[in-house]
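Asker: based on what follows, work out the 3D shape:
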Amino acid sequence: MGFFNHFRIWVLTICLVFQSGYGFYLPGSYPHNHGVGDPLSVKVNSITSIETEMPFSYYSLPFCKPQGGVKDSAENLGELLMGDRIENSPYLFKMHTNESEIFLCKSDPLSADDFKILTKRIDEVYQVNLLLDNLPAIRYTSKEDYVLRWTGYPVGVNIQDVYYIFNHLKFKVLVHKYEETNVAGVMGTGDAAEVIPNVAKRDSGPPGYMVVGFEVVPCSVMINADSVKKLKPYDKFPNKLKCDPNTVSMPIKQGQPIVFTYEVEFEESDIKWPSRWDAYLKMEGAKVHWFSILNSLMVITFLAGIVLVIFLRTVRRDLTRYEELDKEAQAQMNEELSGWKLVVGDVFRAPTNASLLCIMVGDGVQILGMAVVTILFAALGFMSPASRGTLITGMLFIYMILGIAAGYVAVRLWRTIGCGDSKGWASVSWKAACFFPGIAFLILTTLNFLLWGSHSTGAIPFSLFVILLLLWFCISVPLTLIGGYFGAKAPHIEYPVRTNQIPREIPAQKYPSWLLVLGAGTLPFGTLFIELFFIMSSIWMGRVYYVFGFLFIVMILLVVVCAEVSLVLTYMHLCVEDWKWWWKSFFASGSVAIYIFLYSINYLVFDLKSLSGPVSATLYLGYSLFMVIAIMLATGTVGFLSSFWFVHYLFSSVKLD
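Answerer: Numbers count the residues shown, from 1 in each chain. Okay, the predicted model is just below:
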């Protein structure tokens, strides 16, 4: 850990040196220091629901609009792909200045369409998502002495077929007072404070405040539209507004306007700026999470250890027994060969659809590399939820760069299967660059048409489609072709034994070999199914997932188990004289994707019971299919490469003529 700490400190130092005025905090946005009375503007994100999984624009509902007009905030590629649409809002605060009974606006009388869409969004349990200084608004509710945390607040509520809207918001802003001039001291980087200079020296003056918490309490308050005729936005409402979250009193009716108001209270807090995300990152049921993961790791490690010990002892004993014989005994033994030694002349025979296998292995290396690097960076704290969209953007960037690895592995494997023939390497590289991205593009385009038809902000804009295509064909494809060129120039892997001209007949098996291959996926699935539940919950239930350290451990364990399972199955097939191990070794570990997809269906039926409508279910299954194809390529690649190494090692360790 010492190396990583020093690495992060040096990166932080470099960023601070190149910044003027303020430092840049790697895990998220940099701290904003506000004086008393400085303006604070609240932003709005897309409204979301766990019942439809389709985000919509905040201003698709009859809410108040800012006086200067609606403006989009700067968004990165990851935010757009996630369906985030961050815009300005009419809610304005003054730092450390409490205000109450603030009149915001009176909407136009609700038209039939407005009333219909508003009631529909309330029925679908849509949440309004607000942001202040990059912090989402958080709402606390108590249930049986247990405090629940929610991000955002509901649009309204339906009680006995009467729809009520939350038209009054009670905000609480937690602020922390700072008098530090050293950015490292403000950010609490510990040892880094000693190596970081004072980049923002100021004369000692009034203390600054930083936003460290943003809470909201939604209320439904009955307000007569006639009482605000003479009021302008941000005027003080003449009467006292009582905000009681346990009662609702503002029904919505067609043809009648809605009056919106708010109040804000500032409270000094001991929470420091780097710790302000702790409230969001505390996952519910944390003890269950930790103990379940630990239990899973121990069980799988134990099982994998047993498999590895038995496997190594069997193979080593076989090889040792052969090597201890003299030449005459070896010659006699060669005549009485059995098991895997009988397929010596066929074990390296080219598989059917060899180019497709090379392409899938190349893409699998690319996906696996992207996953490992992304999760490692996230575990080190470089991809925080504070930096919205960073995770998706980082994954895309790393995936494109690793196109070099995909092209190299695909072409070198193609040359190895072809015994050194480099003819057709460009075609293999091109197909590797288009295989998985093409599948992903097809799935996402189909789902995008559904989102477009629903007018959801989750739909990828046409301009972003063009950008993604340019990234694909102008960066990813050329890098993959460059990798393929290096793969064509690299020496191919020499086979240790000769391949016979006539293929050996495979004896009849007692049971279908593919049945064993499909069943092999259960062990890798056992390493990740508990972690999978938490990941699925964060994606589909709107929870924040941030235990990337455990996810990285689970991924390493998954790679080890996939390699071991594929090795064992390859050895078992060779022992029964089945020399067609290439594809079986790929799908032995890749079959874990089948169980993940079945689990996804199970999650849809039993955990997402409220998911409404065929469009939502189709979106869920489409994204799940995209995920399992990526997992199949990554895990299958691990199984194939480990089996290839094992077969090559096995037959190069003993000389058979």
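
Asker: show me the helices in the stretch 151-300 of the chain, by range?
Answerer: Under the criterion DSSP state H, counting those that start in this stretch, the stretch 151-300 of the chain carries helices at the ranges 183-187, 278-281, 286-323.

Asker: contact partners for residue 89?
Answerer: Shown in contact with residue 89 (C-beta atoms under 8 Å, 6 or more residues apart in numbering): 41, 42, 43, 44, 58, 66, 130. (C-beta placed from N, C-alpha, C; glycine too.)

Asker: okay, buried residues for stretch 490-510 please.
Answerer: Neighbour counts over stretch 490-510 (16 or more other C-beta atoms under 10 Å) mark 492, 493, 495, 496, 497 as buried.

Asker: same thing with stretch 218-228?
Answerer: By neighbour count on 16+ other C-beta under 10 Å, the buried set for stretch 218-228 is 218, 219, 220, 221, 223, 228.

Asker: surely the fourth one and residue 242 touch.
Answerer: Yes: with contacts counted by C-beta atoms under 8 Å, residue 221 reaches residue 242, the gap being 7.1 Å.

Asker: what distance do you get for residue 596 to residue 526?
Answerer: 12 Å (C-beta to C-beta, to the nearest Å).

Asker: higher neighbour count, these two?
Answerer: Using other C-beta atoms under 10 Å, the more surrounded residue of residue 596 and residue 526 is residue 596, with 22 against 17.

Asker: for the residue nearest to the more buried one when sequence neighbours are not counted, helix, strand, or coil?
Answerer: Nearest residue to residue 596 in three dimensions, chain neighbours excluded: residue 628, at 5.2 Å (C-beta to C-beta, 6 or more residues apart in numbering). With DSSP: H, G, I helix; E, B strand; the rest coil as the basis, the three-state label of residue 628 is helix.

Asker: okay, residue 628 and residue 521: tell me how far apart.
Answerer: Relative to residue 521, residue 628 is positioned 11 Å away (C-beta to C-beta).

Asker: anything in contact with each of the two?
Answerer: Contact criterion C-beta under 8 Å, 6+ apart; residues shared by residue 628 and residue 521: 593, 594.

Asker: give me the more crowded residue out of these two.
Answerer: More neighbours surround residue 521 than the other of residue 628 and residue 521, with 24 against 20 (other C-beta under 10 Å).

Asker: before we move on, the earlier item: mind picking the two most distant members of the buried residues of stretch 490-510?
Answerer: 492 and 497 (15.5 Å; C-beta to C-beta).

Asker: can you check the pLDDT for the residue nearest to residue 596?
Answerer: For residue 628, the model assigns a pLDDT of 95.

Asker: now do the contacts for it.
Answerer: Shown in contact with residue 628 (C-beta under 8 Å, 6+ apart): 593, 594, 596, 597, 600.

Asker: which of those fall in helices?
Answerer: Assigned to helices by DSSP state H, the following of the contacts of residue 628 qualify: 593, 594, 596, 597, 600.

Asker: isn't residue 648 up against residue 494?
Answerer: No: judged on C-beta under 8 Å, residue 648 makes no contact with residue 494 at a distance of 9.2 Å.

Asker: how near is residue 617 to residue 149?
Answerer: From residue 617 over to residue 149 (counting by C-beta to C-beta), the distance is 28 Å.

Asker: output the lowest mean pLDDT helix or strand found in the chain.
Answerer: Ranked by mean pLDDT, DSSP states H and E, the weakest helix or strand in the chain is helix 2-18, scoring a mean of 38.
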